[in-house]
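>>> coords please:
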Amino acid sequence: MSEMMNAVVFSDVGTATYTKRPKPNIKNPDELLIKVEACSICGTDLHILSTPCSYPIAQMGIIEGHEFMGRIEAVGDAVTCFKVGDRVVLDPNVYDGDCYQCKMGNFNMCDNVYVLGITVDGGWAEYAVAPAKMCVKISPELPAETAIFAEPFTCVVSAVNKIRLLPGESVLIMGAGPIGLYFTSLLKANGAGKIIVSEPNAKRRELAVKMGADIVIDPSANNVVDEVMKYTDGHGADVVVEAVGTLVQECIDCVRPKGKVLLFGMDSSKKPEVDQFKIVRNEITLMGSFIGLNTLPATVAIMESGLVDFSPLITHRLPLKDFQTGLDAMRDGSAIEVILYPEWDHNGE
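Residues are numbered from 1 along each chain as shown. Below you'll find the model as predicted:
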């Protein structure tokens with residue numbers, strides 16, 4: 001009989017179940033078996049578990065969790081760059097390397113991508129299997145509570161590479177959810193001169209200040225465009241980051257002529273109107289950024305440097321079996337980051 005492990009499975013529409021699953025085995029020579037140290041709950045997981053499911057590629061029956069990290073327990077025969085005992089973080093978006101987009105170097109646009117924790121088994125479990133090419137080794141000293149942010153943070157690092165921020169430039173970040181707060185921290189570390197964050201939630205505005213925001217705006221009580229113009233001497237921000245998914249026009253209204261707007265938030269149900277005249281007349285650069293592209297090693301280097309500290313964002317630390325508590329907290333807005341620990345199911349905190 002196969003050795004069993006604890007796992008959280010996408011079991012039905014709107015439902016995840018804590019259950020037993022066979023411990024996975026390496027099936028391909030390029031794979032790693034990882035003992036999961038920590039995993040986390042992402043907004044994508046909420047979309048998967050909404051009723052109806054609003055993340056249509058998610059496959060029912062899989063082990064959830066695409067944000068996880070851990071220690072290697074076994075390596076495939078073809079693996080040469082890792083050994084048993086190494087600690088790793090990973091990108092769960094597994095590209096094939098053979099399609100047109102991959103051959104163009106656009107691995108984040110792979111035509112045949114599969115995603116750990118969304119289309120195949122992921123990391124809300126005691127063990128997980130991942131291709132070695134998607135993993136990066138981390139220091140034995142890097143805390144799990146830092147390393148767990150590698151997957152979402154590498155997406156932000158990839159986006160910031162596109163901005164090419166110059167030291168002293170002003171930045172407006174629309175939204176202070178986890179992603180907006182990662183942008184705040186990284187752009188502060190990159191030398192932003194003034195960071196303005198717009199966020200209706202008071203708790204998240206407080207966190208934005210902790211992560212490096214100089215000015216916070218409550219858009220439910222103030223006109224964001226007027227406030228941004230006030231704080232930028234009427235010019236507009238040099239760079240605007242949209243981390244919500246619905247505020248593209250507001251970003252265009254807040255950026256200076258010849259400024260940059262980075263669209264990161266996604267909401268397929270919304271089709272906002274865009275003032276093309278203003279984009280053309282003011283020569284605004286409008287760009288999108290989707291997941292990460294070749295930035296995981298750089299992300300690990302940033303995290304190990306200590307330049308960013310995401311620990312203030314952790315609101316819940318739970319054993320894996322209490323994942324539902326974390327999901328509920330994410331849904332009601334009381335959580336920012338929820339970290340789950342499979343080992344606690346056996347040993348306690």
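
>>> Tell me which residues touch residue 300, please.
89, 136, 137, 138, 150 (Cβ atoms under 8 Å, 6 or more residues apart in numbering). Backbone N, C-alpha and C define where each C-beta goes, glycine included.

>>> List buried residues within these.
The neighbour-count test (16 or more other Cβ atoms under 10 Å) marks 89, 136, 138, 150 as buried among the contacts of residue 300.

>>> These in strands, which ones?
Mapping these onto strands (DSSP state E) picks out 89, 136, 138.

>>> Kindly reformat the residues you listed as TSV containing distance to residue 173.
Output for these, formatted as TSV (distance: Cβ to Cβ, whole Å):
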residue	distance to residue 173
89	24
136	27
138	27
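
>>> Name the nearest of those relative to residue 23.
If you rank those by distance to residue 23 using Cβ to Cβ, residue 89 comes first, at 21.1 Å.

>>> for the closest one, which residues make a bridge with it?
residue 69, residue 136 (DSSP bridges).

>>> now it: how far from residue 100?
28 Å (Cβ to Cβ, to the nearest Å).

>>> Show me which of the buried ones among the contacts of residue 300 is closest to residue 156.
residue 150 (10.8 Å).

>>> mind listing what the nearest residue to that closest one once chain neighbours are set aside touches?
Computed as Cβ to Cβ, 6 or more residues apart in numbering, the closest residue to residue 150 that is not its neighbour in sequence is residue 89, at 3.7 Å. Listed by Cβ under 8 Å, 6+ apart, the contact set of residue 89 reads 69, 135, 136, 138, 147, 150, 151, 296, 299, 300.

>>> give me the low-pLDDT residue ranges for the stretch 1-150 of the chain?
1 (pLDDT under 70).

>>> and with 90 instead?
1-2, 43, 51-56 (pLDDT under 90).

>>> Helices along that one, start to end?
43-48, 100-103, 144-147, 150-163 (DSSP state H, counting those that start in this stretch).

>>> what's the neighbour count on residue 32?
Residues lying near residue 32 (other Cβ atoms under 10 Å) number 25.

>>> Give me the distance between the residue nearest to residue 150 and residue 341.
16 Å.

>>> Closest one of the ones in strands among the buried ones among the contacts of residue 300 to residue 174?
Out of these, the member with the shortest distance to residue 174 (by Cβ to Cβ) is residue 89, at 27.8 Å.

>>> Torsion angles phi and psi at residue 330?
When read as degrees, to the nearest 10, the backbone of residue 330 gives phi -70, psi -40.

>>> Quick check, it in contact with residue 46.
Yes. Counting by Cβ atoms under 8 Å, residue 46 is a contact partner of residue 330 at 5.8 Å.

>>> Contact partners for residue 82?
Contacts of residue 82 by Cβ under 8 Å, 6+ apart are 32, 72, 75, 88, 132, 135, 137.

>>> measure the closest residue to residue 129 other than its chain neighbours to residue 69 for me?
Spatial nearest neighbour of residue 129, excluding adjacent residues (Cβ to Cβ, 6+ apart): residue 24 at 4.6 Å. Per Cβ to Cβ, residue 24 is found 16 Å from residue 69.
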